[in-house]
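Enquirer: pasting the sequence and the predicted coordinates here, then a few questions.
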Amino acid sequence: MTTKLNTPELSRRALLKSAAAGGVTLAASATVTAGATTAAQALEKETKENPITTKQDWNQVLGDGVDANPYGKPSEYEKNVIRRSVPWLTASPESSINFTPLHELDGIITPNGLCFERHHAGIAEVDPTEHRLMINGLVDKPLVFTMEDLKRFPRTNKIYFLECAANSGMEWRGAQLNGCQFTHGMIHCVNYTGVLLKDILAEAGLKTNAKWLMPEGADASGMNRSVPIEKALKDCMVAFKMNGEALRPEQGYPLRLVIPGWEGNMWVKWLRRIEVGDMPWHAREETSKYTDLMENGKARRFTWEMDCKSIITNPSPQAPITHGKGHTVLTGLAWSGRGTIDRVDITLDGGKNWQKARIDGPSLDKALHRFYFEFEWDGRPLLLQSRAIDSTGYVQPTKDELREVRGTNSIYHNNGIQTWHVNGKGEAENVEIS
Ligand code: MTE
Ligand code: CO
């Protein structure tokens with residue numbers, strides 16, 4: 001599937017085809033049709049194409065009552081908007097990953113049912129009345145909290161992205177997966193409700209030599225990671241709600257750790273224990289996994305912060321341009337584990353010319369940012385890229401720049417610029433330009 005492109009080639013056939021299929025108005029299409037067929041056929045066609053003048057089921061009969069959906073679900077016409085997995089990627093669905101359909105979403109919030117999932121031992125089914133959070137180790141008094149206890153601390157609401165360190169990992173050695181859902185879909189962004197970890201730790205009382213925490217999950221993987229105390233006291237949360245309702249079982253119901261801006265692996269789900277220590281634990285997930293093997297055989301470790309990154313979600317391989325040439329809305333997402341996004345630049349020609357995109361909606365610390373770029377498409381092939389710059393001045397690198405520093409052994413922390421090739425028909429493909 002890897003395609004290497006140096007120069008975009010204009011296909012005359014594709015251009016003509018796309019122009020013919022172009023976004024003509026209803027009146028124009030009716031006129032064109034009328035010339036080729038009878039007036040009666042034209043009227044029938046227009047009626048079919050224009051629901052405003054047509055009797056439809058939905059304006060002739062009563063709809064379902066309020067008792068039809070005690071818990072609402074999307075329209076049946078949205079059944080394509082789902083998480084998807086890549087079958088060859090993992091051996092079993094219990095230790096696996098599925099991906100957020102970024103190309104189907106807008107704004108900055110990910111709906112709960114579409115948040116990508118990453119489990120190492122399946123989805124734990126935890127009864128909240130039996131769930132406990134224990135704080136032990138270097139504390140004055142070890143404590144065990146029920147869910148009810150936790151809900152009596154002062155609550156806070158924050159919108160944060162969570163990105164798996166392995167997001168875009170399959171693209172380290174070249175373009176591979178055709179769709180932003182698969183290349184960038186290990187990310188979600190929700191509003192968390194919970195309590196600050198520092199308040200819980202204060203209740204237990206940290207000893208003066210308390211330097212590290214080891215959160216641990218209640219699932220069969222017992223996921224654990226070492227977290228430096230500075231981060232824990234700065235902005236970490238223990239969350240029980242996402243987008244206003246209880247966490248989904250997939251996301252760690254009833255309790256998960258929130259470590260803003262840091263790699264998703266550390267956001268322990270089904271959180272049951274936090275041990276306080278004076279040194280890191282060097283657990284499996286911070287030694288053999290979630291480390292970045294460099295060309296010289298050494299590995300980068302404790303690479304917690306997620307670097308600034310962006311992706312054009314539309315157009316993209318799963319979301320081609322279908323309206324033909326003319327006014328086109330390009331959109332995408334940008335984020336940084338170090339703050340907010342200052343600017344997103346867009347190129348239509350593989351990096352020769354860059355223009356500023358329009359960031360719309362809230363610009364929140366360590367949250368997704370939504371950008372738009374409206375342009376007139378002349379029907380010629382495009383090489384689309386987005387480049388984000390965060391509030392620290394960090395500029396998202398090209399994939400070649402990234403590989404120069406980090407080699408190609410890595411899986412994790414690939415924040416290189418993504419390229420989509422759009423052909424004259426509006427179809428998009430994952431490519432790299434060198
Ligand atoms: N916590 C537990 N207990 N078990 C897990 O398998 N997976 C981690 C992290 N926390 C995991 C876990 C990984 S690798 C990631 S990327 C995030 O949870 C994924 O969170 P999500 O499933 O809500 O998207
Ligand atoms: Co992960």
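Expert: Cool, got the structure. Numbering: from 1, shown residues only. Ligands and ions are numbered 1, 2, ... in the order given.

Enquirer: tell me the domain ranges of the chain?
Expert: Following automatic domain parsing, one gets these domains for the chain: 12-59, 102-300, 309-431.

Enquirer: state the mean pLDDT of the shortest one.
Expert: To tie it back to what came earlier, the one meant is domain 12-59. Domain 12-59 comes out with an average pLDDT of 55.

Enquirer: could you do the last one as well?
Expert: The pLDDT scores in domain 309-431 average 97.

Enquirer: how about the longest one?
Expert: The average of the pLDDT scores along domain 102-300 is 97.

Enquirer: quick one: that domain to chain centroid distance?
Expert: 16 Å (Cα atoms, centre = their mean, to the nearest Å).

Enquirer: what's the end-to-end length of it?
Expert: For domain 102-300, the first-to-last residue distance is 29 Å (Cα to Cα, to the nearest Å).

Enquirer: so is that domain next to ligand 1?
Expert: Yes. For domain 102-300, a contact with ligand 1 is found by Cβ under 6 Å from any ligand atom, at 115-120, 162, 164, 188, 217, 219, 221, 223, 250-251, 264-265, 267-270. Where you see a C-beta, it was placed from the backbone N, CA and C, and this is true even at glycine.

Enquirer: mean neighbour count and distance to ligand 2 added to the domains of the chain, as TSV?
Expert: Formatted as TSV, these follow (neighbours: other Cβ atoms under 10 Å; distance: least, Cβ to the ion, whole Å):
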stretch	mean neighbour count	distance to ligand 2
domain 12-59	12	39
domain 102-300	19	3
domain 309-431	20	9
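
Enquirer: gap between Ser386 and ligand 1?
Expert: Plainly put, Ser386 is 23 Å away from ligand 1 if you go by Cβ to the nearest ligand atom, to the nearest Å.

Enquirer: confirm that residue sits in a strand?
Expert: Yes. Remark: Ser386 belongs to a strand, assigned using DSSP: H, G, I helix; E, B strand; the rest coil.

Enquirer: ok, the residue in the chain that ligand 1 sits nearest to to Met223 distance?
Expert: At 2.3 Å from ligand 1, Gly217 is the closest residue in the chain, using Cβ to the nearest ligand atom. Using Cβ to Cβ, to the nearest Å, Gly217 is found at 4 Å from Met223.

Enquirer: which neighbours do those two share?
Expert: Residues within reach of Gly217 and of Met223 at once, by Cβ atoms under 8 Å, 6 or more residues apart in numbering, are 268-269.

Enquirer: elements contacting the helix or strand Val190 falls within?
Expert: Assessed by DSSP states H and E, Val190 sits inside strand 187-196. Contact here means 3 or more Cβ pairs under 8 Å, 6 or more residues apart in numbering; DSSP states H and E; on that basis strand 187-196 packs against strand 155-163, strand 237-242, strand 326-335.

Enquirer: could you give the angle of the first one to strand 187-196?
Expert: The one in question is strand 155-163. 150 degrees (axes from the mean of the first three to the mean of the last three Cα atoms, to 10 degrees).

Enquirer: and the shortest one, by the same measure?
Expert: If you take the same axes, to 10 degrees, strand 237-242 sits at 120 degrees to strand 187-196.

Enquirer: equivalent analysis for the longest one, please.
Expert: Here strand 326-335 runs at an angle of 40 degrees relative to strand 187-196 (the same axes, to 10 degrees).

Enquirer: can you give the distance from strand 326-335 to the centre of its chain?
Expert: Distance of strand 326-335 from its chain centroid, counting by Cα atoms, centre = their mean, is 16 Å.

Enquirer: show me what the very next helix or strand once past that strand is in contact with.
Expert: Per DSSP H and E, strand 326-335 leads on to strand 341-347 as the next helix or strand towards the C-terminus. With Cβ under 8 Å, 6+ apart as the test, strand 341-347 has contacts from 308, 310, 312, 330, 332, 334-335, 353-357, 359, 363, 369, 371, 373, 383-391, 393.

Enquirer: circling back: of the helices and strands packed on strand 187-196, which is nearest Pro70?
Expert: strand 237-242 (19.5 Å; Cβ to Cβ).

Enquirer: send the alpha carbons of the closest one over as PDB?
Expert: What follows is strand 237-242, C-alpha atoms only, in PDB (Å, rounded to 0.1, in the frame of the first residue of the first chain):
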ATOM      1  CA  MET A 237      -7.300  13.900  38.300                       C
ATOM      2  CA  VAL A 238      -9.100  10.800  39.400                       C
ATOM      3  CA  ALA A 239     -12.100  10.900  37.100                       C
ATOM      4  CA  PHE A 240     -15.500   9.100  37.400                       C
ATOM      5  CA  LYS A 241     -17.400  10.900  34.600                       C
ATOM      6  CA  MET A 242     -16.800  11.600  30.900                       C
END
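
Enquirer: end to end, how far does stretch 307-324 reach?
Expert: End-to-end span of stretch 307-324 (Cα to Cα): 36 Å.

Enquirer: how about stretch 213-229?
Expert: Using Cα to Cα, first and last residues of stretch 213-229 are 6 Å apart.

Enquirer: what's the answer for stretch 299-316, then?
Expert: End to end - Cα to Cα - stretch 299-316 spans 33 Å.

Enquirer: centroid-nearest residue for this structure?
Expert: The residue lying closest to the centre of the chain (Cα atoms, centre = their mean) is Ile187, at 2.8 Å.

Enquirer: and the helices in the stretch 251-400 of the chain?
Expert: Ranges of helices within the stretch 251-400 of the chain are 399-406, based on DSSP state H, counting those that start in this stretch.

Enquirer: just the strands in the stretch 251-400 of the chain please.
Expert: 256-258, 271-277, 292-293, 299-300, 309-314, 326-335, 341-347, 355-356, 358-360, 369-377, 382-390 (DSSP state E, counting those that start in this stretch).

Enquirer: adjacent strands (with direction) for the strand holding Val190?
Expert: strand 155-163 (antiparallel), strand 237-242 (antiparallel) (DSSP bridges).

Enquirer: mind giving me the packing neighbours of the helix or strand following that strand?
Expert: Sequence-wise, the next helix or strand downstream of strand 187-196 (DSSP H and E) is helix 197-204. Applying 3+ Cβ pairs under 8 Å, 6+ apart, we find helix 197-204 packed against strand 132-137, strand 143-146, helix 229-234, strand 237-242, strand 271-277.

Enquirer: which elements pack onto the helix or strand immediately after helix 197-204 in the chain?
Expert: Next along the chain after helix 197-204, taking DSSP H and E as the criterion, comes strand 212-217. Contact here means 3+ Cβ pairs under 8 Å, 6+ apart; on that basis strand 212-217 packs against strand 227-228, helix 229-234, strand 271-277.

Enquirer: what would the ones you listed look like in JSON lines with distance to Ala42?
Expert: Output for the helices and strands packed on strand 212-217, formatted as JSON lines (distance: least, Cβ to Cβ, whole Å):
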{"stretch": "strand 227-228", "distance to Ala42": "68"}
{"stretch": "helix 229-234", "distance to Ala42": "67"}
{"stretch": "strand 271-277", "distance to Ala42": "64"}
